[in-house]
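Enquirer: fold the following, please.
(one chain, ligands or ions: 1)
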Amino acid sequence: MAYQALYRVWRPQTFGDVVGQEAITTTLRNAVATRQVSHAYLFTGPRGTGKTSCSKILAKAVNCLHPQAGEPCNQCEICQAITEGSLNDVIEIDAASNNGVEQIRDIRDKVKYAPTRAEYKVYIIDEVHMLSTGAFNALLKTLEEPPAKVIFILATTEPQKIPATIISRTQRFDFRRIDASTILQRLQFILKDKKLAYDEQALRLIAQAAEGGMRDALSILDQALSLGNDQLSLENALQVTGALDKQQLETYFQAVIQANPAQALENLHQLLASGRSAMRFTDAIIELCRDLLLVKTDDQLLDEFDRSLVSAKILAAKDQLKQQQLYKMIDAASKTQQDLHNATHTTIYLEVLTVKLCEIMQADPTASKAQTPVDNKKLQTLQTEIEQLKQQIQKLSASPSPTPKKARPVKAHVKTNGQAIHVDQQKINQILAQATRQALNQVREVWPDLMSMLSVTQKAVMKVSKPVAASSQGVVVAFDYAMWFERVMSNQEMLDMLKDNLDKLLQNDADVVIVAAEDWPQIRKNFLQNHELNQQPSEKKASPPENPAVVEAKKLFDSEIIEYKKD
Ligand SMILES: [Zn+2]
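Expert: Below you'll find the predicted structure:
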């Protein structure tokens, strides 16, 4: 037998089978049992919540030859014909593909003919909100003079698009999203019935990802099972749902709670590197904040199901967070989500969000009372930084797609917006010509002191940097992420501050030159080539062909490259 999708195999065949809509199914069952069926129904609700299933069950129940307390028997010829979709008296119309007035007129013409085999003619119009105005008018005429023995079932995900005149002529049932624990129970039931092994955590993840739709839950389960050869592992569930690895998200959120933007940004880049989408990421942030708000308000509000998805570590962090901060975080994440809809450069929006979230933690009102001047200053710096990032975003969205990395010119760093930043190769060459291991070690020694002289945000930015070469002339500092290099490069105040403080610590007058780590190998190559070109022809012939500075630099680079890779 060909493979059948789970949601087809497990489509409910009786009202009792329908999961999570007890109020609706009980009402419908009673209506059938007491023969008080209405001539028109409106089923509204999110996709996959049981609207179509209930329509078909109702069509069967009213026509079944041996109904039992309002339920269809699913055995008689009528029930079986409806299940197969071969009974002419049950007509299914998908308004999404049949929105013309002609089709509805056709219904009007045929509706007056009595059912052929069954007792009732049942019209099921799916996605009814897609009908044109003309079609709605035609439908309204039919509903105004309902023929005997005809039942209309209109189903829609968007009831607000249906004319009030239509709604008022129907009996309306709002199908709710099915709560995750109900979905979970159903999934467990199905897997046990199929005798398939499953990871409990994976099943919970699927139940949550389905967002209240049973059909979606079963489709996700189907996909995850096929990935794992009929075994459900957490890894497969994560892959199919595109959900974030919980642990990665927690690490990120803890960095946010500690108002440590550099760490949080590093975690963010790891998350994105593992292929998680920007939307899923913001979703997860909002969910996490929501859960924390719930436990803060009342420990009982977070039900056992949700609790199992949030780690104890994160829940324990609730005391470090104020309600107001959580609301602000949710706001910031939702705004980012809106921005993401039209964005091509999604990463930068998430970076801005990350800095904002840290800012929210930083701007703790009680903490700032104790040390107002300092915190206000920090806050201002953060706000300036955000402004700069915003401007960068504006530039990004105004400019065409970024220049591919390989097309980079030799002497300039190409910014993400395609604009070139001049890297002072000459100054770098001067530093490298005199560079020694000793000088570099000296700089590394004072580096932590230098960091302690910076503001919180400056420190955050510098955390992704490290000194890579030094001489008495100056220091070369490389940044792991091009974005941060660009920001520091355009911030003269910060560059001056680095130089001044470094001069104080080293007690000399050394230049600070910054580079993007990804450009660094090319810059070093330039230096070596440059030195060979500058050599006099006579020198070239001389037996030690290499300039001592080049020899020294090469030695330095070799050891440095190894060290760099280790990090
Ligand atoms: Zn039957």
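
Enquirer: can we go C-alpha only for contacts and neighbour counts from here?
Expert: OK.

Enquirer: average pLDDT for stretch 85-93, rounded please.
Expert: Taken as a whole, stretch 85-93 has an average pLDDT of 92.

Enquirer: buried residues in it?
Expert: 87, 89, 90, 91, 92, 93 (16 or more other Cα atoms under 10 Å).

Enquirer: do stretch 224-231 as well
Expert: For stretch 224-231, burial by neighbour count (16+ other Cα under 10 Å) applies to 224, 225, 227, 230, 231.

Enquirer: just the residues you listed: which are in helices?
Expert: Among these, the members falling in helices (DSSP state H) are 224, 225, 227.

Enquirer: now, which of those residues sits nearest the ion?
Expert: Sorting those by distance to the ion puts residue 225 at the head of the list, at 33.8 Å, by Cα to the ion.

Enquirer: quick check, pLDDT for that closest one.
Expert: Predicted confidence (pLDDT) for residue 225: 91.

Enquirer: same thing with the one 4 residues further on?
Expert: On the pLDDT scale, residue 229 is placed at 83.

Enquirer: quick one: contacts for it?
Expert: With contact set as Cα atoms under 8 Å, 6 or more residues apart in numbering, residue 229 has no partners.

Enquirer: would you map the strands across the stretch 401-550 of the chain?
Expert: 412-414, 420-422, 465-470, 474-479, 511-516 (DSSP state E, counting those that start in this stretch).

Enquirer: would you list the ones you listed in CSV and tack on mean neighbour count?
Expert: Listed next are the strands of the stretch 401-550 of the chain as CSV, based on neighbours: other Cα atoms under 10 Å:
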stretch, mean neighbour count
strand 412-414, 21
strand 420-422, 13
strand 465-470, 23
strand 474-479, 24
strand 511-516, 23
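
Enquirer: Throw those strands into TSV and include mean pLDDT, thanks.
Expert: Output for these, formatted as TSV (pLDDT from 0 to 100):
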stretch	mean pLDDT
strand 412-414	58
strand 420-422	67
strand 465-470	89
strand 474-479	90
strand 511-516	89
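
Enquirer: residue 444: which of the ones you listed is closest?
Expert: strand 465-470 (6.8 Å; Cα to Cα).

Enquirer: what residues does stretch 32-41 touch?
Expert: If you take Cα under 8 Å, 6+ apart as the criterion, stretch 32-41 is touched by 28, 31, 61-62, 68-71, 143, 146, 149-154, 169-173.

Enquirer: how about CSV for the strands of the stretch 401-550 of the chain, with distance to the ion added?
Expert: Output for these, formatted as CSV (distance: least, Cα to the ion, whole Å):
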stretch, distance to the ion
strand 412-414, 72
strand 420-422, 75
strand 465-470, 74
strand 474-479, 73
strand 511-516, 73
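
Enquirer: make a markdown table from these and add distance to residue 189 to it.
Expert: Formatted as a markdown table, the strands of the stretch 401-550 of the chain follow (distance: least, Cα to Cα, whole Å):
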| stretch | distance to residue 189 |
| --- | --- |
| strand 412-414 | 57 |
| strand 420-422 | 60 |
| strand 465-470 | 53 |
| strand 474-479 | 53 |
| strand 511-516 | 55 |
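
Enquirer: which stretches of the stretch 101-250 of the chain form helices?
Expert: 101-111, 133-144, 164-167, 180-193, 200-209, 214-227, 234-241, 246-257 (DSSP state H, counting those that start in this stretch).

Enquirer: Throw those into a markdown table and include distance to the ion, thanks.
Expert: Output for the helices of the stretch 101-250 of the chain, formatted as a markdown table (distance: least, Cα to the ion, whole Å):
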| stretch | distance to the ion |
| --- | --- |
| helix 101-111 | 23 |
| helix 133-144 | 27 |
| helix 164-167 | 30 |
| helix 180-193 | 25 |
| helix 200-209 | 33 |
| helix 214-227 | 25 |
| helix 234-241 | 38 |
| helix 246-257 | 48 |
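
Enquirer: worst mean pLDDT among those helices?
Expert: Within these, confidence is poorest for helix 101-111, with a mean of 78 (mean pLDDT).

Enquirer: what about the residue nearest to residue 502 when sequence neighbours are not counted, how many residues nearby?
Expert: Using Cα to Cα, 6 or more residues apart in numbering and skipping residues adjacent in sequence, the residue nearest residue 502 is residue 450, 6.5 Å away. Residues lying near residue 450 (other Cα atoms under 10 Å) number 20.

Enquirer: residues contacting residue 450?
Expert: Residues near residue 450 by Cα under 8 Å, 6+ apart: 498, 501, 502, 505.

Enquirer: in a markdown table: those, plus neighbour count and pLDDT.
Expert: Shown next, in a markdown table, are the contacts of residue 450 (neighbours: other Cα atoms under 10 Å; pLDDT from 0 to 100):
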| residue | neighbour count | pLDDT |
| --- | --- | --- |
| 498 | 19 | 88 |
| 501 | 16 | 87 |
| 502 | 25 | 87 |
| 505 | 16 | 85 |
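
Enquirer: ok, and which of the residues you listed reach the ion?
Expert: Among the contacts of residue 450, no residue lies close to the ion (Cα under 5 Å from the ion).

Enquirer: in helices, which of those appear?
Expert: Going by DSSP H, the helices hold 498, 501, 502, 505 from the contacts of residue 450.

Enquirer: for these, which one is nearest the ion?
Expert: residue 498 (82.8 Å).
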